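**Student:** Please find the sequence and the predicted model below.
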Amino acid sequence: MSFRFPVSPSSLPLSRRRTLQVGAAGVLGLSLPQWLAIEARAAQAAVRPAAKNVLVILEQGGLSHLDTWDPKPSAPVDHRSPHRPIATSVPGTQFTDLLQRTARIADKLSVIRSMWHDKAGANGHPDGTQYILSGSHPNSPLEMPDIGCVVTKLLGSECRELPPYVMVPGNDEQNASARTGFLPAASRVFKTGGNDISDPKWKVADLLPLPANQGSRLDHRRQILTALNANFSTGNEIAAIERFYAQAFDTLTSPRVDQVFNLANESPETRELYGRGHRGASYLVGRRLIEAGVRFVTVDVRWPLTDEVPGGFNLNWDHHDLIYTSGSCGTIRNKAGGEGRYGIGHWVMMGSTDHAFAGLITDLDQRGLLAETLVCFVTEFGRTPRLNAFQGRDHWTDAYSIVLAGAGVPGGQVIGKTDEDGGHVLDAPSTPENYAATVYEKLGIDRSKPLYTNTNRPVYFAHHAEPISGVL
């Protein structure tokens, strides 16, 4: 008597445990080719990384966790946020009213409320930004590269026409915080530039060939380079250089490159999903890069100075004064250093952020990209639980929040807890090192194996930290 499956073998779950169960039944009727096919698919599933790409949303300046992801309605009234808790799509989980759109997609998010810095330092913007970009404390003896640089070195990218690690736009005051460290220049982040990504005239100038280097002239130069390379040995270093130049030629000659950055290709409905203006456009370019196959994308947004926001010449999250004003925080450095910003509740601040982030997660999910894209919403630290004399909040490294989604991250959960003021972590503490280990783990990168400097010195990365519990 043969055993008959109610479904075809190709539709069975792929876990190895299930395969062994099926194999035991196979002696009762499963053919050898069927058994081998299921075994091969199970083995492939066992080693397949959860994430194919990574999209980091870096909201630089130290976003106030108390006003967004970690509301504290019981904090002392003199220091309490006026932005009240609201319900989300997850029963029992609350955000503040600055995240009304994001609250509706909370079932797709893991909010880590227990981030902190367990080492002194990295409490300024350049160091803090470097810390979250690299997952390694900036006071380390050896300067460590960005996570994106390590990923570029080890995994490369499926998109030949574009660099494996791209930052959009990457031109705010902390752009120098990106680091290549001991890795070769080929792993360096490519920054698109652009004052206002929503401007229809925006182009990525560095990806456009000079008029003198187009057509037959460029082809001729490529032929000369190929002939010259043929006279050298084909060692690892030469091969790497050849790949670098090959990608450069692909970038300059592929019509696909210009299309990736052309937001005119998007429907009005999609543009509205992300929201008007610079932030929504930047997030949307991030999605387009992921869709094109770029391995590691960082969206680093600071709203530009426009006629719409007079005095808004530094619109990041460094709200040292007047954090709750409805308009400008001022333009003169006469208080605590918060000039050039607008209050956290203004459209160009959390209004556009809530709109763009909810739109991004929704869009990725609808396109089937969220399942294989790890989305990380991060900032370099939080803000003080107490207001200062200028009605602002200062830098705070003892507690802050980040958010992860996609690539198998369980949605609808909160990890960790802070005290009733939001000042200190009470449960499940995590550091930027844990965050970096999580990214590497999701990508299937073996952290037990070192990278090497140009002098062949082994360097281990994120090997001493465990991934954030609960998101794998």
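**Tutor:** Done, it's in. Numbers count the residues shown, from 1 in each chain.

**Student:** Give me the nearest residue to residue 439, chain neighbours excluded.
**Tutor:** Take residue 439 and drop its neighbours on the chain: the residue closest to it by Cβ to Cβ, 6 or more residues apart in numbering is residue 147, 5.6 Å away. For every residue, glycine as well, the C-beta is placed using N, CA and C.

**Student:** Next up, the contacts around the residue nearest to residue 463 when sequence neighbours are not counted.
**Tutor:** Closest residue to residue 463 apart from its sequence neighbours, by Cβ to Cβ, 6+ apart: residue 447 at 4.7 Å. For residue 447, the contact set (Cβ atoms under 8 Å, 6 or more residues apart in numbering) comprises 437, 440-441, 460-463.

**Student:** again, only this time at 10 Å
**Tutor:** Neighbouring residues of residue 447 by Cβ atoms under 10 Å, 6 or more residues apart in numbering: 150, 436-437, 440-441, 460-467.

**Student:** Buried among those residues? Need that as a selection in ChimeraX.
**Tutor:** Command for ChimeraX that selects the buried part of those, burial taken from 16 or more other Cβ atoms under 10 Å:
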select :150,436,437,440,441,461,462,465,467
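
**Student:** Just the ones of the contacts of residue 447 in strands?
**Tutor:** Counting by DSSP state E, none of the members of the contacts of residue 447 fall within strands.

**Student:** Adding distance to residue 314, write the contacts of residue 447 out as TSV.
**Tutor:** Putting the contacts of residue 447 into TSV (distance: Cβ to Cβ, whole Å) gives the following:
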residue	distance to residue 314
150	30
436	28
437	33
440	33
441	36
460	37
461	33
462	32
463	37
464	36
465	33
466	37
467	35
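
**Student:** and the two most separated of the contacts of residue 447?
**Tutor:** 150 and 466 (17.5 Å; Cβ to Cβ).

**Student:** residues touching the nearest residue to residue 295 once chain neighbours are set aside, list them.
**Tutor:** Nearest non-adjacent residue to residue 295, counting by Cβ to Cβ, 6+ apart: residue 157, 4.1 Å away. Residues in contact with residue 157 (Cβ under 10 Å, 6+ apart) are 53, 151, 163-166, 247, 292-296.

**Student:** Quick check: which element contains residue 157?
**Tutor:** Using DSSP states H and E, residue 157 sits in no helix or strand.

**Student:** Any figure for the gap between it and residue 322?
**Tutor:** 43 Å (Cβ to Cβ, to the nearest Å).

**Student:** Check residue 191 and give its pLDDT.
**Tutor:** Looking at residue 191, its pLDDT is 95.

**Student:** so residue 167 sits in a helix?
**Tutor:** No - checked against DSSP: H, G, I helix; E, B strand; the rest coil, residue 167 lies outside a helix; its state is strand.

**Student:** In this model residue 305 seems to touch residue 195, though I could be wrong.
**Tutor:** Yes - the pair residue 195 and residue 305 qualifies as a contact (Cβ atoms under 10 Å) at a distance of 8.5 Å.

**Student:** which of these two has more neighbours?
**Tutor:** For the pair residue 195 and residue 305, the greater number of neighbours falls to residue 305 (16 against 12), based on other Cβ atoms under 10 Å.

**Student:** any idea how far the residue lying closest to that one once chain neighbours are set aside is from residue 339?
**Tutor:** Excluding the flanking residues, the one nearest residue 305 by Cβ to Cβ, 6+ apart is residue 313, at 4.7 Å. Distance of residue 313 to residue 339, computed by Cβ to Cβ: 8 Å.

**Student:** now the residue nearest to residue 463: how far from residue 147?
**Tutor:** Residue 447 is 12 Å from residue 147, where distance means Cβ to Cβ.

**Student:** joint contacts of those two?
**Tutor:** In contact with both residue 447 and residue 147: 436-437, 440, 461-462, using Cβ under 10 Å, 6+ apart.

**Student:** how about low-confidence regions in the stretch 101-250 of the chain?
**Tutor:** 208-250 (pLDDT under 70).

**Student:** which residues of it fall in strands?
**Tutor:** Taking DSSP state E, counting those that start in this stretch as the test, the strands found in the stretch 101-250 of the chain are 109-115, 165-169, 190-191.

**Student:** Contacts for the last one next, please.
**Tutor:** Strand 190-191 is contacted by residues 148, 152, 162-171, 175, 178, 204, 206-207, 251, 294, 298, 300 when judged by Cβ under 10 Å, 6+ apart.

**Student:** can you rerun that using 7 Å?
**Tutor:** 163, 165-167, 169-171, 175 (Cβ atoms under 7 Å, 6 or more residues apart in numbering).

**Student:** Show me what stretch 257-275 is in contact with.
**Tutor:** Contacts for stretch 257-275 (Cβ under 7 Å, 6+ apart): 161-162, 200, 204, 207, 251, 280-281, 283-285, 288-289, 292, 352, 355-356, 359-360, 362-363.

**Student:** So which of those sit within helices?
**Tutor:** Taking DSSP state H, the ones among these that sit in helices are 251, 280-281, 283-285, 288-289, 292, 352, 355-356, 359-360, 362-363.

**Student:** what's the farthest-apart pair in the residues you listed?
**Tutor:** Farthest-apart pair in these is 251 and 355; separation 31.6 Å (Cβ to Cβ).

**Student:** ok but residue 403 is inside a strand, no?
**Tutor:** Yes - Residue 403 sits within a strand when classified using three-state DSSP.

**Student:** any idea how far the nearest residue to it once chain neighbours are set aside is from residue 406?
**Tutor:** By the measure of Cβ to Cβ, 6+ apart, the closest residue to residue 403 outside its immediate chain neighbours is residue 377, 4.1 Å from it. Applying Cβ to Cβ, the value for residue 377 to residue 406 is 11 Å.
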